[in-house]
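In: Here is a sequence together with a model predicted from it:
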Amino acid sequence: MGQLKDLVFDNTVLQALPVRSGLNQTTPVRGAIYVFVNPTPLRSPSLVAASDEALLLLGLDPSEADRPEFVEAVAGNKILPGSQPAAHCYCGYQFGYFAGQLGDGAAIYLGEVVGPTRRLELQLKGAGLTPFSRQADGRKVLRSSLREFLASEAMAGLGIPTTRAGSLVVSQKDTVIRDITYSGNPAAEACAVITRIAPTFIRFGSFEICKASDKDTGRAGPSAGLQGSLLPQLIGFTIRSYFRDIWDFYGGGDDISMKGMGEGQVLDIVEAWYTEVCRRTAHLVAGWQGVGFVHGVLNTDNMSILGLTIDYGPYGFMDRFDSNHVSNGSDDGARYTYAAQPGICRWNCERLADAIASATLPAGTEGGGNTAAAAACETLTMTEAAAIGGSSNSAGVSLLPPARAKRGLAVYDEELDRAYRAVMRRKLGLIGLAGAAATAATANGPYSNSSSNSAGTAAAHGSSSTVPGSTPQRPSWPISNSSSLAVAAAAAAAAAAATNPEQDKMDDLLIADLLQLMEDTGADFTGTFRRLAKVPMPRKSGGSSSTADEQEQGANGSEATVCVQTSDSKEAAAAVAAGADGNSADFGGFLPEQLAELASPAEMAAGSKPSMPLENVQVCFTVHLFQLDNASSSGPLSWPRSNRRRCSQSCYLKPFCKCS
């Protein structure tokens with residue numbers, strides 16, 4: 001393992017995509033995807049925490065975190081050799097409304113480190129002002145940064161796709177004003193900077209920068225009108241860099257603009273990529289549902305193009321199971337509940353399809369393209385481009401026609417169903433002997449980029465034609481590429497048993513009934529599954545081992561459960577009632593422990609209330625989301641609830657705020 005000074009940077013994203021420089025204030029960034037900007041130094045930084053595993057991904061010796069030079073670098077005080085600090089431009093739908101340009105308002109790209117196994121982007125969050133900081137200060141505080149650090153590494157440990165956290169530092173001198181409880185009583189808090197690691201932080205919102213004027217909010221992307229030139233370049237770079245197996249399969253070549261390819265070739269490669277993004281997103285949300293994780297702010301700017309969990313803000317892990325649990329105190333419309341996450345992620349995939357569809361085949365593509373229209377759009381101002389709604393590209397061929405987008409969304413539905421069932425079966429032990437072996441054989445770690453590097457992957461997929469949405473001409477890519485150990489293991493287990501639609505229905509009913517019972521009784525989500533894992537399974541009389549025939553049944557038959565079926569159903573029932581040791585009628589201690597931890601009626605009633613009082617929500621919106629024109633206004637404004645919600649979602653209450 002090496003030292004910090006030995007890190008090798010190869011910043012391909014800045015070499016391949018448009019970058020601007022010299023922007024020292026918040027402004028629309030047209031025609032560029034990154035902007036050069038240096039971190040703001042953090043005075044008197046000290047190390048709070050470092051993740052050995054995350055640092056090893058970069059090829060760093062974990063002992064490097066003890067060196068003062070390391071702290072200076074990850075605080076943004078020292079630019080490492082080869083690093084090229086920059087901020088990423090992207091847009092987003094926030095709470096269902098298009099918000100226009102957002103971008104890295106507090107995060108700064110340092111560069112791409114060539115690690116031991118793959119290239120990884122290094123990023124500082126909380127490193128100061130950028131051209132995308134809007135009304136904010138570019139800083140983060142210790143409490144929110146510590147939450148992100150802990151969640152990132154915990155999710156990695158759980159096998160859920162996630163960005164990683166390498167280090168966390170805090171200033172002994174620099175502070176910012178924050179209202180911790182949204183009560184109207186702001187106070188000074190220490191500034192902190194967290195080091196984030198991922199193959200890329202490109203997100204759904206990255207592809208929305210060319211969006212024309214939105215019919216609801218009137219906002220447009222900063223590069224509206226450039227969808228015929230800028231978007232194909234970004235799409236091509238993303239596929240070639242992070243979905244290389246797809247790029248190579250279709251003969252993508254070296255030109256990320258995709259010029260010179262045949263029309264059908266470009267359409268196929270874009271569809272295969274979009275389908276894979278949908279697949280990975282389905283795997284991601286299935287993993288979330290399996291551990292009771294609620295993201296809290298599933299806007300399109302918080303959706304990774306790689307299917308990783310990114311931007312840990314108002315997230316939460318459920319204690320008492322509540323399908324309508326909201327972790328974000330300002331989500332007064334309850335848009336991002338636990339139960340809503342699969343549907344919201346699908347909706348976000350639809351918005352990504354809209355963005356891709358707005359792009360046309362690049363000029364020079366054999367059989368397509370609109371050279372004149374693309375050239376004309378290059379000369380338009382953002383206002384002019386937004387006004388025409390991108391119609392200058394209408395003569396071109398869309399990179400993602402509706403029929404192809406629908407196929408990708410169908411794969412999302414299929415994969416979500418398969419992945420969620422697999423995850424829950426694994427939690428309940430409904431995987432059989434062969435499934436257990438396949439789970440153990442699945443050794444893909446986070447950020448695995450191999451298309452077939454484990455026995456578990458092979459078990460999960462077999463030939464590509466067995467995977468939903470796959471054909472010999474358009475294969476589906478292995479689950480290992482979703483970077484999800486948990487989903488890969490669960491899918492490997494599920495695939496090891498023969499497909500049985502009737503068994504699927506029975507297991508789905510069992511899972512749904514269990515969750516409903518947990519919700520009705522206020523059962524703890526994690527605790528219930530941990531205790532269920534300890535329930536003894538029925539065995540044959542005398543504790544004898546199962547026969548080869550029984551093992552075969554457990555491996556391949558519809559009775560693919562964790563317990564080997566006994567020859568006598570009464571004996572099996574007695575074994576369950578008595579427990580494995582034959583001397584307990586409480587399911588191995590499950591019932592007493594479970595009943596003791598059920599929520600009381602008062603706790604359940606309290607849990608159903610909004611997590612933030614409405615009067616505090618109003619204060620939150622007033623103080624934090626708006627820059628009021630009337631600075632002398634005294635007291636919180638008494639806006640109707642409908643207006644409060646409208647403004648919280650899109651921040652365009654024009655009579656009162658500057659951000660419109």
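Out: Perfect, I can see it now. Numbers count the residues shown, from 1 in each chain.
In: Now do the strands in this protein.
Out: For the chain, strands defined by DSSP state E occupy the ranges 19-20, 34-36, 45-50, 86-88, 91-94, 97-101, 107-114, 119-125, 140-141, 164-178, 187-198, 293-294, 316-317.
In: What strands line up against the second one, and which way round?
Out: According to DSSP bridges, strand 34-36 forms sheet pairs with strand 19-20 (parallel), strand 86-88 (antiparallel).
In: as a whole number, average confidence for it?
Out: Per-residue pLDDT values over strand 34-36 give a mean of 97.
In: Out of the strands of the chain, which is closest to residue 403?
Out: Nearest of the strands of the chain to residue 403, taken as C-beta to C-beta: strand 91-94 at 23.5 Å. Where you see a C-beta, it was placed from the backbone N, CA and C, and this is true even at glycine.
In: Mind listing residues that contact the closest one?
Out: Residues outside strand 91-94 that contact it (C-beta atoms under 8 Å, 6 or more residues apart in numbering) are 98-102, 204-205, 208-209, 211, 221-222, 299-302, 348, 351, 649-651.
In: on that earlier part again, export the strands of the chain to CSV and append columns for mean neighbour count and distance to residue 268.
Out: Below are the strands of the chain laid out as CSV (neighbours: other C-beta atoms under 10 Å; distance: least, C-beta to C-beta, whole Å):
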stretch, mean neighbour count, distance to residue 268
strand 19-20, 18, 30
strand 34-36, 21, 29
strand 45-50, 18, 44
strand 86-88, 26, 28
strand 91-94, 25, 27
strand 97-101, 24, 29
strand 107-114, 24, 28
strand 119-125, 23, 26
strand 140-141, 22, 42
strand 164-178, 20, 33
strand 187-198, 23, 28
strand 293-294, 24, 35
strand 316-317, 18, 40
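In: Please convert these to a markdown table, extending it with distance to residue 525.
Out: Output for the strands of the chain, formatted as a markdown table (distance: least, C-beta to C-beta, whole Å):
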| stretch | distance to residue 525 |
| --- | --- |
| strand 19-20 | 45 |
| strand 34-36 | 40 |
| strand 45-50 | 27 |
| strand 86-88 | 35 |
| strand 91-94 | 28 |
| strand 97-101 | 31 |
| strand 107-114 | 31 |
| strand 119-125 | 29 |
| strand 140-141 | 29 |
| strand 164-178 | 24 |
| strand 187-198 | 27 |
| strand 293-294 | 10 |
| strand 316-317 | 8 |
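In: any low-confidence regions in the chain?
Out: Along the chain, segments meeting pLDDT under 70 span 363-395, 432-499, 538-586, 607-660.
In: Residue 311 reaches residue 302, doesn't it?
Out: Yes - using C-beta atoms under 8 Å, residue 311 is in contact with residue 302, at 4.4 Å.
In: Any idea which of the strands paired with strand 34-36 gets closest to residue 604?
Out: Residue 604 lies closest to strand 86-88 among these, at 42.8 Å (C-beta to C-beta).
In: what residues are up against residue 348?
Out: So residue 348 contacts 93, 204, 281, 298, 300, 303 (C-beta under 8 Å, 6+ apart).
In: What is the most widely separated pair among those residues?
Out: So, the contacts of residue 348 by C-beta to C-beta: farthest apart are 93 and 281, at 14.9 Å.
In: So for residue 591, which of the strands paired with strand 34-36 sits nearest?
Out: Nearest of the strands paired with strand 34-36 to residue 591, taken as C-beta to C-beta: strand 86-88 at 52.2 Å.
In: Near the residue nearest to residue 144 when sequence neighbours are not counted, how many other residues are there?
Out: Leaving aside its chain neighbours, residue 144 sits nearest to residue 313 (7.4 Å; criterion: C-beta to C-beta, 6 or more residues apart in numbering). Neighbour count of residue 313, defined by other C-beta atoms under 10 Å: 14.
In: The one 10 residues further on too?
Out: Applying other C-beta under 10 Å, we find 14 other residues in the vicinity of residue 323.
In: Return the distance of it relative to residue 599.
Out: Using C-beta to C-beta, to the nearest Å, residue 323 is found at 14 Å from residue 599.
In: and what of residue 418?
Out: Taking C-beta to C-beta, one finds residue 418 at 32 Å from residue 599.
In: if you count what's nearby, which of those two comes out ahead?
Out: Neighbour count, other C-beta under 10 Å: between residue 418 and residue 599, residue 418 has more, with 22 against 18.
In: what's the spacing between that one and residue 169?
Out: Distance, residue 418 to residue 169, by C-beta to C-beta: 42 Å.
In: Would you reformat the strands paired with strand 34-36 as CSV and include distance to residue 292?
Out: Putting those into CSV (distance: least, C-beta to C-beta, whole Å) gives the following:
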stretch, distance to residue 292
strand 19-20, 41
strand 86-88, 31
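In: Pull the contacting residues for residue 41.
Out: Residue 41 makes contacts with 75-77, as judged by C-beta under 8 Å, 6+ apart.
In: what's the closest of those residues to residue 341?
Out: residue 76 (33.5 Å).
In: thought the closest one was touching residue 127?
Out: Yes - under the criterion of C-beta under 8 Å, residue 76 makes contact with residue 127 at 4.2 Å.
In: which neighbours do these two share?
Out: Common contact partners of residue 76 and residue 127 (C-beta under 8 Å, 6+ apart): 39-40, 42, 108, 193.
In: Of the residues you listed, which is the nearest to residue 16?
Out: Closest approach to residue 16 among the shared contacts of residue 76 and residue 127 (C-beta to C-beta): residue 108, at 19.2 Å.
In: Look up which residues are beta-bridged to the closest one.
Out: Beta-bridge pairing for residue 108 (DSSP bridges): residue 124.
In: Please report how far it lies from residue 283.
Out: Separation of residue 108 from residue 283 (C-beta to C-beta): 29 Å.
In: next one: residue 520
Out: For residue 520, the distance to residue 283 (C-beta to C-beta) stands at 29 Å.
In: between the two, who's got more neighbours?
Out: Between residue 520 and residue 283, residue 283 has the larger neighbour count (other C-beta under 10 Å), namely 31 against 11.
In: got a list of what residue 515 touches?
Out: Counted by C-beta under 8 Å, 6+ apart, residue 515 has contacts 321, 323.
In: Please report how far it lies from residue 271.
Out: Separation of residue 515 from residue 271 (C-beta to C-beta) stands at 35 Å.
In: next one: residue 314
Out: 35 Å.
In: of those two, who's got more company?
Out: residue 271 (22 against 18).
In: Make sure that one is actually in contact with residue 404.
Out: Yes - using C-beta under 8 Å, residue 271 is in contact with residue 404, at 4.3 Å.
In: before we move on, the earlier item: the residue nearest to residue 144: what's it in contact with?
Out: Taking C-beta under 8 Å, 6+ apart, we find residue 313 in contact with 144, 296-297, 302, 328.
In: State the phi and psi torsions of it.
Out: phi -110, psi -110 (degrees, to the nearest 10).
In: From residue 143, how far out is it?
Out: Counting by C-beta to C-beta, the gap from residue 313 to residue 143 is 12 Å.
In: next one: residue 606
Out: Relative to residue 143, and taking C-beta to C-beta, residue 606 is found at 23 Å.
In: Same question for residue 11.
Out: For residue 11, the distance to residue 143 - C-beta to C-beta - is 32 Å.
In: Who has more neighbours out of the two?
Out: The neighbour count for residue 11 versus residue 143, taken as other C-beta under 10 Å, is higher for residue 11 (20 against 12).
In: Disregarding flanking residues, what is the spatial nearest neighbour of that one?
Out: Spatial nearest neighbour of residue 11, excluding adjacent residues (C-beta to C-beta, 6+ apart): residue 111 at 4.6 Å.
In: wait, isn't that neighbour in contact with residue 84?
Out: Yes - with contact defined as C-beta under 8 Å, residue 111 reaches residue 84; the gap is 5.5 Å.
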